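A.B. asks: Here's my sequence, what's the structure:
(2 chains)
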Amino acid sequence: MAGKTLYDKVWDAHVVNQQEDGTVLLYIDRHLVHEVTSPQAFEGLQLAGRKPWRTSSMLAVADHNVPTTDRANGIEDPISRLQVETLDANCETFGVTEFKMNDLRQGIVHVIGPEQGATLPGMTVVCGDSHTSTHGAFGALAFGIGTSEVEHVMATQTLLQKKSRNMLISVDGAVGPGVTAKDIVLAIIGKIGTAGGNGCTIEFGGEAIHALSMEGRMSVCNMAIEAGARAGMIAVDDTTIDYLKGRPFAPKGETWDKAREAWLDLKSDDDAIFDEVVTLNAADIEPQVSWGTSPEMVASVNAHVPNPAADEYANKREGYERALEYMDLEAESPLTDIKLDRVFIGSCTNSRIEDLRAAAAVIKDRKVADSIKQALVVPGSGLVKQQAEKEGLDKLFIDAGFEWREPGCSMCLAMNADRLESGERCASTSNRNFEGRQGQGGRTHLVSPAMAAAAAIAGHFVDVRHF
Amino acid sequence: MKSFTQLNGLAVPLMRSNVDTDAIIPKQFLKSIKRSGFGVNLFDEWRYLDAGFPGQDSSTRQPNPDFVLNVDRYKGAQVLIAGENFGCGSSREHAVWALDDFGFRTVIAPGFADIFNNNSFKSGLLPIVLDKEIVEALAAECEASEGYKLDIDLKAQTVTTPSGQVHSFEVDSFRKDCLLNGFDDIELTLQQRYRIEEYEETRRKNAPWLFDTPA
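C.D. replies: Residues are numbered from 1 along each chain as shown, chains lettered A, B, ... in the order given. Okay, the predicted model is just below:
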C-alpha cells in the first residue's frame, strides 16, 4: 500500500464517521472567529436554542472593521461599530475568548492564531474567512468556511466534508537574493491559474519552501486559496517547532515533548502518491507584480503588460482585455513604467514582523516619492507592532514618509476607512487584485513588502534587487 | 434550509470567467449582521453607475443599462448561466444570500470555486456543473431567444432546454438528499452526538494538547 500524504494523515486523524457516498464528519480542533462572518451564525445558534459544543476551541477577534488610526474614540462608522459590538456581545453571552479592539494581542485573525500558538501542527483549523489556508504553514489542515458552516462547527465541533485531491507543488532549489515567499506564491498562481487548485489540497514542498521562515510559509499558504485550493499545507520541521515553543497557547512541559514527537511525523511519506504534481525551479523566479484583476494575471517586474491580441492568449483574450481596460494599462508597456498613487504594506499575507523588516530594509534613508498620496504600514497585530517599535522600524517608516498604523485588515479589503478612491493605483502586499477590492474603481497591484517599499520610494515599480 | 426540487425558470447569461465574490457582493454590504436584504446590492459595482453603500435608498440609484441584469427581458430570472470558476475568492456566504435574495435558485457553470459551492448547498441555491461547451451553448441560445426558460429537475439531475435537449449533471447523493428535503444538517449531525463524544474521548487521551488550551 502506498504511503500517506501530509493531508491524508491529518484528514484521517479527524474522521468521526464516513458515509457510503464518501461524505465525512470531520472533527474540528480550532475555530477562529471574526466579526464579519459570525453574527448570523451566533444568531442561528440562539434561534435554535443551541450552545457552542466546545468554547475552548474558539478564539475570536475583530479585524475587518477596526480603524487603524487612533482608537480612543472607538469606531466612527455606526454600521461597522454595530458589527464589532455584536461580536463582543456574542462572545460575552457564549463565553468565547475574544481579544478586544484595545487588547495588545488584537490583530488580523490569521496573524494572531499562530502568534499565540493557537494554531498547532496536525490540527484542523477553520474560520469564516478564505485566508484560513494560512495556518497550513504549520502542518495543520486549515480552510475557510461560509457562515452556515461556522454555525455547524459551533454547534457540533464538526463539518460535513468530502475529501479533496492531493496536489504537490514543489519549488526546487534556492531563490535568488531579493526574491521572497510572496514572489514564490505569485509565481505559482501565475503558473497554475486561479482555478488550478480547485478541488485540491496543495502541499507546498521543495528546498525553496523549506528554507522559508514560518512567516514566509504563512505567506505562501495564505494564497493557496488564490490558486483555488481551500487548503495549503507545509510539512513540519524544526523551523515549525522552534517557532511554536513558548507561545501562550502551545503545550508546555511533558505535553510539549509528547506533542513535539507526534508533530515531527507530520510530513508526506516518501512513497505517498499525489494526484497532481507541479514543479517550479526556484532560481527562475523573479520579483513579481500583478498587472490585472485576478491574482493569476502576474508577471516578473522586468516583464511587459501582455498583449491580449497575441496568439498565446487566445483562450484568455476577453478576460485580459477587460482587465487592461479596468487597470488602465497599455498592452506591451513595461511594468516598471506603472506609476502609483498609494502603497499598502499589511494584510494577512504580509504584515508579520519579517515582512515589516524586509520593507524597512529597503528604505536606506530615502523618502517616499512626492507623487505618492499615501503609503500605509499596517502591522498584523498589536504584538507585531510592539516588536517593530522595539526594533525602531516605526521610526524608519515614519521618517521616510510612511504612515504607521494600528493593526487590522485595513486596505486589503477596505471595510474600514482605509481605501482607494476610484481610479487610484496601489502597490499592495495583500492577496487579491479583484475589481473594486481596495475601494470601488481602485486598481491593485500585488507585490512583496520589499517591492512595495521600493515602489513607494521610486513612485513606480522597480526591481528591488537593483534598488 | 430551503428545499430545491424542480424549477422552470427564466435564464440569464453572465459568461465572464472567475467572477469573484467581491463582485457578487462588495465588502461594504458585509457589515450587515442579518442574513437577508442583500439582493438589491447583488453585483453592485457592475449593476449601478453610482457608488453603493449600506442603508441607501435603492430607488435613487442609477442602474447601468449595459449590465445584463438590468435588461428588461431578463427581469425575474431564476437561472444564472455563468462562466468558469464562478464564486472564487472570499468565503463570504453573503454572495449566495445575495443571489438567492435577488431571486436566483440555481447557477449553471463549467465550474465553481470550492467554498462558494459548499455555501450554495447550505443556503438552498443549486450549483450545477455542465461541460463548458454545453454552458456556452445554453448561454448562446439564451441570448438568441427572448423568454428562454430552463427546466431543472434535481431528483432526475437534469437540465432541459426549451427545444427538449436534456443535459445530466452530477451531485453528491448526501447533498442532493439534504437539498431535496430541506434538511437542517446541524440537526442531522447532532443525531450522531455519541460518535462525536466518542471521538473526543479517544483524541483527548492521544493528543491532550488539542484540548488543554488555556482559553
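
A.B. asks: Give me the nearest residue to residue A:428, chain neighbours excluded.
C.D. replies: Counting by Cβ to Cβ, 6 or more residues apart in numbering or on different chains, the nearest residue to residue A:428 once its immediate chain neighbours are dropped is residue A:344, at 4.4 Å. All C-beta atoms are positioned from the backbone trio N, CA, C, and that covers glycine.

A.B. asks: Over to residue A:401?
C.D. replies: Residue nearest to residue A:401 in three dimensions, not counting chain neighbours: residue A:368, with 3.5 Å by Cβ to Cβ, 6+ apart.

A.B. asks: how many neighbours does the one you found have?
C.D. replies: Neighbour count for residue A:368, taken as other Cβ atoms under 10 Å in any protein chain shown: 22.

A.B. asks: How is the residue nearest to residue A:145 when sequence neighbours are not counted assigned, secondary-structure-wise?
C.D. replies: The spatial neighbour of residue A:145 that comes closest, neighbours along the chain excluded (Cβ to Cβ, 6+ apart), is residue A:126 at 5.1 Å. Classification of residue A:126 into helix, strand or coil gives strand, according to DSSP: H, G, I helix; E, B strand; the rest coil.

A.B. asks: For residue A:126, name its beta-bridge partners.
C.D. replies: Residue A:126 has these beta-bridge partners by DSSP bridges: residue A:31, residue A:143.

A.B. asks: That one and residue A:159 touch, don't they?
C.D. replies: Yes. Under the criterion of Cβ atoms under 8 Å, residue A:126 makes contact with residue A:159 at 7.0 Å.

A.B. asks: Please identify which of the two sits among more neighbours.
C.D. replies: Under the neighbour definition other Cβ under 10 Å, residue A:126 and residue A:159 were set side by side, and residue A:126 has more, 28 against 23.

A.B. asks: could you list every residue that touches that one?
C.D. replies: By Cβ atoms under 8 Å, 6 or more residues apart in numbering or on different chains, residue A:126 lies in contact with A:28, A:30-32, A:132, A:142-145, A:149-150, A:153, A:159.

A.B. asks: Now the buried members of those.
C.D. replies: By neighbour count, with 16 or more other Cβ atoms under 10 Å in any protein chain shown, those hold A:28, A:30-32, A:132, A:142-145, A:149-150, A:153, A:159 as buried.

A.B. asks: Would you reformat these as TSV and include pLDDT and distance to residue A:85?
C.D. replies: Compiled in TSV, the buried ones among the contacts of residue A:126 are given as follows (pLDDT from 0 to 100; distance: Cβ to Cβ, whole Å):
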residue	pLDDT	distance to residue A:85
A:28	98	27
A:30	98	25
A:31	98	21
A:32	98	19
A:132	98	24
A:142	98	28
A:143	98	28
A:144	98	24
A:145	98	24
A:149	98	24
A:150	98	19
A:153	98	23
A:159	98	28
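
A.B. asks: Make CSV out of those and add distance to residue A:215.
C.D. replies: Compiled in CSV, the buried ones among the contacts of residue A:126 are given as follows (distance: Cβ to Cβ, whole Å):
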residue, distance to residue A:215
A:28, 25
A:30, 20
A:31, 24
A:32, 18
A:132, 17
A:142, 16
A:143, 20
A:144, 20
A:145, 25
A:149, 28
A:150, 27
A:153, 27
A:159, 28
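
A.B. asks: Nearest to residue B:71 among these?
C.D. replies: For those, the residue nearest residue B:71 by Cβ to Cβ is residue A:144; the value is 34.0 Å.

A.B. asks: State the distance from the closest one to residue A:230.
C.D. replies: Residue A:144 is 6 Å from residue A:230, where distance means Cβ to Cβ, to the nearest Å.

A.B. asks: burial count for the residue of the stretch 201-350 of chain A found nearest chain B?
C.D. replies: When scored by Cβ to the nearest Cβ, the stretch 201-350 of chain A has residue A:251 as its residue closest to chain B, at 3.8 Å. By other Cβ under 10 Å, 22 other residues sit near residue A:251.

A.B. asks: quick one: pLDDT of the closest residue in space to it that isn't next to it in sequence?
C.D. replies: Computed as Cβ to Cβ, 6+ apart, the closest residue to residue A:251 that is not its neighbour in sequence is residue B:209, at 3.8 Å. Per-residue confidence (pLDDT) for residue B:209: 95.

A.B. asks: Pull the contacting residues for residue B:115.
C.D. replies: With contact set as Cβ under 8 Å, 6+ apart, residue B:115 has these partners: A:130, A:143, A:144, A:145, A:146, A:225, A:230, B:87, B:91.

A.B. asks: any idea of the pLDDT on it?
C.D. replies: Looking at residue B:115, its pLDDT stands at 96.

A.B. asks: after the helix or strand hosting it, next one along is what?
C.D. replies: According to DSSP states H and E, residue B:115 maps onto helix B:114-122. Per DSSP H and E, the first helix or strand lying C-terminal to helix B:114-122 is strand B:126-129.

A.B. asks: Could you list the residues in contact with that following strand?
C.D. replies: Taking contacts as Cβ under 8 Å, 6+ apart, the residues outside strand B:126-129 that touch it are B:4, B:86, B:105-112, B:116-117, B:120-121, B:152, B:154, B:159, B:169-170, B:179.

A.B. asks: List buried residues within the residues you listed.
C.D. replies: B:4, B:86, B:105-112, B:116-117, B:120-121, B:152, B:154, B:159, B:169, B:179.

A.B. asks: so of the residues you listed, which ones are in strands?
C.D. replies: Among those, the subset assigned to strands under DSSP state E consists of B:106, B:107, B:108, B:109, B:152, B:159.

A.B. asks: Out of those, which is nearest to residue B:67?
C.D. replies: The shortest separation between residue B:67 and any of these is 16.9 Å, and it belongs to residue B:107 (by Cβ to Cβ).

A.B. asks: Just give the closest residue to that closest one, not the sequence neighbours.
C.D. replies: Spatially, and ignoring its direct neighbours in sequence, residue B:107 is nearest to residue B:80 (4.5 Å; Cβ to Cβ, 6+ apart).

A.B. asks: correct me, but residue A:249 touches residue A:117?
C.D. replies: Yes. In terms of Cβ under 8 Å, residue A:249 counts as a neighbour of residue A:117; the distance is 4.1 Å.
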